[in-house]
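S.K.: all I have is the shape, not the residue letters:
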């Protein structure tokens, strides 16, 4: 239960990471007889956000792993 | 006072019937739907539920870019055709088995990992005045890791 109270802090850091997904285009591949769902995902995370994320994760972990 | 004896017995009977139906539904998924995955490796989950004709169910699942997937949908023979649609995060329909004569399986792969929404709908016989048919519908996922 104590862990749940700490998660909003983690979410706040994750919210600083921008993820943009393009529209999905289904294309049928005759060679494999399957559909390829084509799309691009762009993730934008600065080094500062990465360090902050690592720090918060480490802090939460050490709170219950000794 | 007699009513207090009847209610628990009735409740236990309904509970036992429901549990039995769910167990039969899972057995149906294992026996009928699992072989539809063919050479794909089953992901270990048995998604099965009893649906009434005209009823719809939704499922969200994350798929990864380094895998080939097969989704298999099976409905009991007494049910009308089962339609399934796959939608992206923006609710665009990526696939509908209605366009493929209600095919039971669909093979696909993704360029980028993402969560997709699956909508399963049991069509209706459209027979007014008759009790709607109900039966087990199962959806299963298989994968192959790309070499």
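M.R.: Yes, it's here. Nothing here was measured: the structure is a model prediction, and the numbers come from that model. Residues are numbered from 1 along each chain as shown, chains lettered A, B, ... in the order given.
S.K.: what's near enough to touch the residue in chain B that chain A sits nearest to?
M.R.: In chain B, the residue that lies nearest chain A is residue B:107 (3.7 Å; Cβ to the nearest Cβ). C-beta coordinates here come from the backbone N, C-alpha and C atoms, glycine included. By Cβ atoms under 8 Å, 6 or more residues apart in numbering or on different chains, residue B:107 lies in contact with A:32, A:33, A:34, A:35, B:68, B:69, B:70.
S.K.: which secondary structure element is home to the fourth one?
M.R.: Going back to what we said before, that points to residue A:35. In the assignment (DSSP states H and E), residue A:35 maps to strand A:34-38.
S.K.: strand partners of that strand, parallel vs antiparallel please.
M.R.: In the sheet, strand A:34-38 lines up against strand A:25-29 (antiparallel), strand B:105-110 (parallel) (DSSP bridges).
S.K.: for it, give the mean pLDDT please.
M.R.: For strand A:34-38, mean pLDDT is 94.
S.K.: next one: it to chain centre, how far?
M.R.: Taking the mean of its C-alpha atoms, strand A:34-38 sits 23 Å from the chain's own mean (Cα atoms, centre = their mean, to the nearest Å).
S.K.: most centrally placed residue in chain A?
M.R.: residue A:14 (7.1 Å; Cα atoms, centre = their mean).
S.K.: pLDDT score assigned to that residue?
M.R.: Looking at residue A:14, its pLDDT is 94.
S.K.: ok so residue B:23 is a helix residue?
M.R.: Yes: Residue B:23: assigned to a helix according to DSSP: H, G, I helix; E, B strand; the rest coil.
S.K.: number of residues surrounding it?
M.R.: By other Cβ atoms under 10 Å in any protein chain shown, 10 other residues sit near residue B:23.
S.K.: same question for residue B:58.
M.R.: 11.
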